[in-house]
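Asks: A predicted structure for the sequence below; I have some questions about it.
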Amino acid sequence: MTFYPTDRLALFIDGANLYSAAKGLGFDIDYRKLLEEFRKRGVLIRAYYYTALVEDQEYSPIRPLVDWLDYNGFRLVTKPAREYTDAQGRKRWRGDMDVEIAVDMLEMAGHADHLVLFSGDGDFRVLVEAVQRKGARVTVVSTVKSQPPMASDDLRRQADSFVDLADLADIIGRPSRLPRFIQESRTGSADRDADADVDAEA
């Protein structure tokens, strides 16, 4: 991953996609560490986080994360999730943020030298190509080490560089917060992590 100290950096985090990738690798993202890491790699001018929110819920598990990000240096881009019923008749929610990510990346391509996309979605290949035509470099962060792999081959080839999320686990991750009884059965002792930060997409 080539970064220069004078690079103007912009981060674009597809929340649901990054959460799934990290979950597949068995860790949670520590967003404070993520921000600190990329501030070391250049001049960080913007960090976007995209997620759909289920409205009219008394409690949404992602709400504390969204609030924390909003107050700690991220620009939140949200929209209401749409409800649908799957083939088995179960209620599901859908909230695609691809258009929002595409618009912001194209706008920022004229103001940043290096754009970092946290998503492995192959639909972004054409977007990355368009951003490169505007003169910006693009790094894609996702993983091919999960089962199934999260990163599209086409997207990886189009990007100027690809970083496997597994290689960042020690830098921007923390152990996945499993239910206590699972942790105890694995470690023989209760998890004593008292950190109150919320760091998982729901």
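Replies: Done, it's in.
Asks: From here on, just use CA atoms for contacts and neighbour counts.
Replies: Fine.
Asks: what's the single longest strand in this structure?
Replies: The single longest strand within the chain, with elements called by DSSP state E, is strand 43-53.
Asks: which of the residues in it are buried?
Replies: 43-44, 46-53 (16 or more other CA atoms under 10 Å).
Asks: Over to stretch 33-42?
Replies: Using 16+ other CA under 10 Å as the test for burial, stretch 33-42 gives 35, 38, 41-42.
Asks: Just give me the closest of those residues to residue 76.
Replies: Lowest distance from residue 76 to the buried residues of stretch 33-42 (CA to CA) belongs to residue 35, with 14.1 Å.
Asks: tell me which element that closest one falls in.
Replies: helix 31-40 (DSSP states H and E).
Asks: what packs against that helix?
Replies: helix 169-172 (3 or more CA pairs under 8 Å, 6 or more residues apart in numbering; DSSP states H and E).
Asks: buried stuff in the helix it packs on?
Replies: Residues of helix 169-172 classed as buried under the neighbour-count rule (16+ other CA under 10 Å) are 169, 172.
Asks: mind exporting that helix as CSV, just the C-alpha atoms?
Replies: Extracted in CSV, the C-alpha atoms of helix 169-172 (Å, rounded to 0.1, in the frame of the first residue of the first chain):
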residue,chain,number,x,y,z
ALA,A,169,-6.4,-6.9,11.7
ASP,A,170,-3.6,-6.2,14.2
ILE,A,171,-3.6,-2.5,13.4
ILE,A,172,-7.3,-1.5,13.2
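Asks: quick one: the helices in the chain?
Replies: Counting by DSSP state H, one finds helices in the chain at the ranges 15-25, 31-40, 63-71, 98-108, 125-133, 153-158, 169-172, 180-187.
Asks: Can you check what angle separates the first one from strand 43-53?
Replies: For helix 15-25 against strand 43-53, the angle by axes from the mean of the first three to the mean of the last three CA atoms, to 10 degrees is 90 degrees.
Asks: Quick one: distance of helix 15-25 to the chain centre.
Replies: Distance, stretch centre to chain centre, for helix 15-25: 7 Å (CA atoms, centre = their mean, to the nearest Å).
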